[in-house]
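A.B. asks: everything below, folded, please.
(one chain, ligands or ions: 1)
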Amino acid sequence: MRQRTAEALEASETRVKEHLEKLSHVARLHTMGEMASGIAHELNQPLTAISNYCQAAMQLLDGVEDVPPQVNSALKLAVAQAGRAGEIIKRLRALVSKRAIETRLIDVNQVVGNCMFLVEYDLRERGIEVVQLLSGYSIPVMADSIQLEQVVLNLLSNAMDALKDEPAMKRHVIVHTRREGKKGILEVRDTGRGITPDLLEVLFHPFFSTKPHGMGLGLSICQTIVEQYGGLISAENIPASGACFHIELPLALQAERQLT
Ligand code: ADP
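C.D. replies: Down below sits the predicted model:
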């Protein structure tokens, strides 16, 4: 009896410890979100200043003789890039900020486009080629666009990680959207090593990660979001190709006309 009580005690202590570890993960994640939001806020001002100074320089140079044409075009490019950086920051802030969920009619193709804009630089840096097979039709769904962006960004970020050790010629991500009956489908596929069958079972569990610094929360958050809108998310291993993440969401066909 004493032995059993001791075992039960030990088991419950382990559970409490695990729970505390999970909580501290969540707390860290929360702090990261706050930090990202703070940094984004701080960066906004210098970016606006850069843009203003460049525009002022362009005006000052206007009419001045012997200014090499490259100077003007370099300033113009600087303004455009500062604007782009500002846009990225705006989106990042929207992603991490605590905000009310806004469920409305959105087009999944548009969500993919927004995400591509955010990861374009990362993809280029890592030598990854993206193939976008987007449906010619809109994919209308009722959801919060920022939350869906979070899902797509997570999948893209995982795909990028999966391609890290692949040779340059084999770094591809394929994003595919289509309609299937009353469902809107979004697939993110990569040409990485794929997922072993035993891992397919646990990928979506919170805190499951095979990465040295992974939190293991990405896919679990994706699942929560997708299911919140009556959808499904699943993972599949494509032999000799890589991993494929498949999302189905109910199409908002009646409201579709409001999209245009
Ligand atoms: P994290 O990225 O922090 O590890 P996730 O929940 O996003 O957390 O992913 C959980 C695990 O699923 C990853 O650690 C990895 O083992 C596996 N995984 C996710 N996406 C892919 C992918 N595209 N290819 C191979 N494995 C993947």
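
A.B. asks: the longest helix in this protein is where?
C.D. replies: When the chain is scanned for its longest helix (criterion: DSSP state H), the result is helix 2-61.

A.B. asks: would you say residue 112 is within a helix?
C.D. replies: Yes - counting by DSSP: H, G, I helix; E, B strand; the rest coil, residue 112 is located in a helix.

A.B. asks: how about the residues of the stretch 51-200 of the chain near the ligand?
C.D. replies: Taking CB under 6 Å from any ligand atom as the contact definition, the stretch 51-200 of the chain meets the ligand at 154, 158, 159, 162, 190, 192, 195. In this view, the C-beta of every residue, glycine as well, is placed from N, C-alpha and C.

A.B. asks: dump these to JSON lines, plus secondary structure and pLDDT.
C.D. replies: Output for these, formatted as JSON lines (DSSP: H, G, I helix; E, B strand; the rest coil; pLDDT from 0 to 100):
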{"residue": "154", "secondary structure": "helix", "pLDDT": "93"}
{"residue": "158", "secondary structure": "helix", "pLDDT": "96"}
{"residue": "159", "secondary structure": "helix", "pLDDT": "97"}
{"residue": "162", "secondary structure": "helix", "pLDDT": "96"}
{"residue": "190", "secondary structure": "strand", "pLDDT": "97"}
{"residue": "192", "secondary structure": "coil", "pLDDT": "96"}
{"residue": "195", "secondary structure": "coil", "pLDDT": "95"}
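
A.B. asks: re the thing from before, what packs against the longest helix of the chain?
C.D. replies: If you count contacts as 3 or more CB pairs under 8 Å, 6 or more residues apart in numbering; DSSP states H and E, helix 2-61 packs onto helix 69-96.

A.B. asks: what's the angle from the helix it packs on to helix 2-61?
C.D. replies: Following axes from the mean of the first three to the mean of the last three CA atoms, to 10 degrees, one obtains 150 degrees for the angle between helix 69-96 and helix 2-61.

A.B. asks: tell me the mean pLDDT over helix 69-96?
C.D. replies: Helix 69-96 shows an average pLDDT of 84 in the prediction.

A.B. asks: run the chain-centre distance for that helix.
C.D. replies: 20 Å (CA atoms, centre = their mean, to the nearest Å).

A.B. asks: next structured bit after it?
C.D. replies: Going down the chain from helix 69-96, the next helix or strand is strand 104-107, by DSSP states H and E.

A.B. asks: so which residues make contact with that following strand?
C.D. replies: The contact list for strand 104-107 (CB atoms under 8 Å, 6 or more residues apart in numbering) reads 138-145, 148, 252, 255-256, 258-259.

A.B. asks: quick check: buried residues in stretch 141-157?
C.D. replies: 141, 143-156 (16 or more other CB atoms under 10 Å).
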